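[1] what follows is a predicted structure for the sequence shown.
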Amino acid sequence: MFLRKYAIQFIFLLLSIVIIVFGISIYAQETVKIGIIHALTGPQAIMGQDNLNGCLLAIDIINGEFPDLPFDLAPKAGLPNLNGAKIEAIIGNSQGEPEFGAAEAERLITISGVSAILGANLSGVTKTASLVAEKYQTPFLTETSTARDLTERGFKYFFRTTISDHESAEQFMIFFEELNRKINANIKTIGYISANSEWGISDGKSVAEFAEKYGFKVVANLTWPEASADLDSEVLTLKRENPDVVISAILASDFVLFVNTAKKLDYNPPIFLGFGGGFFTSMNEIGKDAEYFLVRHFMVDISEKETPLLYKVNQMYKERYGKDLHGDSIRNFTAMMALGDAINRAGSTDKEAIRQALTETDIPADQLIINWDGIKFNEKGQNILGKGIIRQWLDGKYQTVWPFDIATAGIVLPMPKWSEK
């Protein structure tokens, strides 16, 4: 009886050890599901795929072993604080439409069981998708959605790594002031153009606010339905009002159409500056007509000597996807690395733990491939250490022209006429 009692206890002890070891083994192989929402079909599909690829490269680095990269999560495979768990990307296609973005967020949360969502590039899509995430108390990190109002809603689970266009609009006015002071550009009037999207309307308000603050006059504020088939009226209005500079918030198809229409109607803006969008994906398609356009950008020149970490990551991106990183894909990479960092520090797939870890994020500049001072969120979920630069398309590539102390090329103003390009 005595021996039987201890034999039973010994068997239970062995079973407990097996269960514990087996459980740890299973947990070590468990994945952390992260939803990624981008427009993978429709007019914004090229941009959406580039952005997704930036996320996937970051996940490859986190999940793999890259001891030659200085990221905290690069040397060892997986998330160390979750016993090496890998990130599993669950992908949603917004088709560039807010209602589809919301539906995909719902699916990712309620059916796929993601612990957090990253997306969704277009501010209008991010607005609806993040509303769903807030409802389900799921952390939502946006990478490139820059409409000011996104961080003004009092949301608890919403975070943004990139700067908003509100800050960029003020930087534009400072840029114009410096052009007037340093090269006598004589900028006084501004024309603004955009699609009537969440992004475009929000940016137009910011441009108008800061133009008044800095003493510039907005002489044209033009919007149109996204993916319009005809911009003749808008271009003719700009030609008539003749602003000293045109600022735009337009995506790829609208940007290509605008350039073709301006050339057809012989409208030659002296300065054309974009918030981004189509400027990141359409320049090669436009060809020599894209020369001298300016854009708010988020990456410095790729150089093995001057920016070695960016150079290494860009080489990896190019080997996988056949093209260089650009302002949107680099921000997607950065956001995914930041989200991976937060999940690792949380040491859990619990959504509340991840949200708390995001609020405590403090990533230094040397952990980034983008020219920011770091990533640290304020009480609204906005990264307060981001910044932008201005680059000009010169000789078939973007080159940094402002701030002047980090410029790699001299700015060319005014833009040459179409016949001179």
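    Perfect, thanks for sending it.

[2] got a list of what residue 256 touches?
    By C-beta atoms under 8 Å, 6 or more residues apart in numbering, the residues touching residue 256 are 278, 282, 285-286. Where C-beta positions appear, they are placed from N, C-alpha and C, glycine not excepted.

[3] C-terminal to the helix or strand where it lies, what's the next element?
    According to DSSP states H and E, residue 256 maps onto helix 252-264. Going down the chain from helix 252-264, the next helix or strand is strand 272-274, by DSSP H and E.

[4] show me where the protein has strands.
    Per DSSP state E, the chain has strands spanning 31-38, 86-93, 116-119, 140-142, 158-160, 189-195, 217-224, 245-249, 272-274, 294-297, 363-364, 374-375, 389-394, 397-402. These are given in chain order.

[5] quick one: mean pLDDT over the third one.
    Same thing as strand 116-119. For strand 116-119, mean pLDDT rounds to 98.

[6] so which elements touch it?
    With contacts defined as 3 or more C-beta pairs under 8 Å, 6 or more residues apart in numbering; DSSP states H and E, the packing partners of strand 116-119 are strand 31-38, helix 98-110, helix 123-135, strand 140-142, helix 327-346.

[7] now the angle from the longest one to strand 86-93?
    So the one you mean is helix 327-346. For the pair helix 327-346 and strand 86-93, the angle between their directions (axes from the mean of the first three to the mean of the last three C-alpha atoms, to 10 degrees) equals 140 degrees.

[8] what mean pLDDT does helix 327-346 have?
    For helix 327-346, the mean confidence score works out to 97.

[9] just the CA coordinates for that helix, please, in PDB.
    This file holds the C-alpha atoms of helix 327-346, laid out as PDB (Å, rounded to 0.1, in the frame of the first residue of the first chain):
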ATOM      1  CA  GLY A 327       8.800  57.300 -47.800                       C
ATOM      2  CA  ASP A 328       5.800  55.100 -47.200                       C
ATOM      3  CA  SER A 329       7.400  51.700 -47.200                       C
ATOM      4  CA  ILE A 330      10.100  52.900 -44.800                       C
ATOM      5  CA  ARG A 331       7.500  54.200 -42.400                       C
ATOM      6  CA  ASN A 332       5.700  50.900 -42.500                       C
ATOM      7  CA  PHE A 333       8.900  49.100 -41.700                       C
ATOM      8  CA  THR A 334       9.500  51.500 -38.800                       C
ATOM      9  CA  ALA A 335       6.000  51.100 -37.400                       C
ATOM     10  CA  MET A 336       6.100  47.300 -37.500                       C
ATOM     11  CA  MET A 337       9.500  47.300 -35.700                       C
ATOM     12  CA  ALA A 338       8.000  49.600 -33.100                       C
ATOM     13  CA  LEU A 339       4.900  47.400 -32.700                       C
ATOM     14  CA  GLY A 340       7.200  44.300 -32.300                       C
ATOM     15  CA  ASP A 341       9.200  46.200 -29.700                       C
ATOM     16  CA  ALA A 342       6.000  46.900 -27.700                       C
ATOM     17  CA  ILE A 343       4.700  43.400 -27.900                       C
ATOM     18  CA  ASN A 344       8.100  42.100 -26.700                       C
ATOM     19  CA  ARG A 345       8.200  44.500 -23.800                       C
ATOM     20  CA  ALA A 346       4.600  43.500 -22.900                       C
END
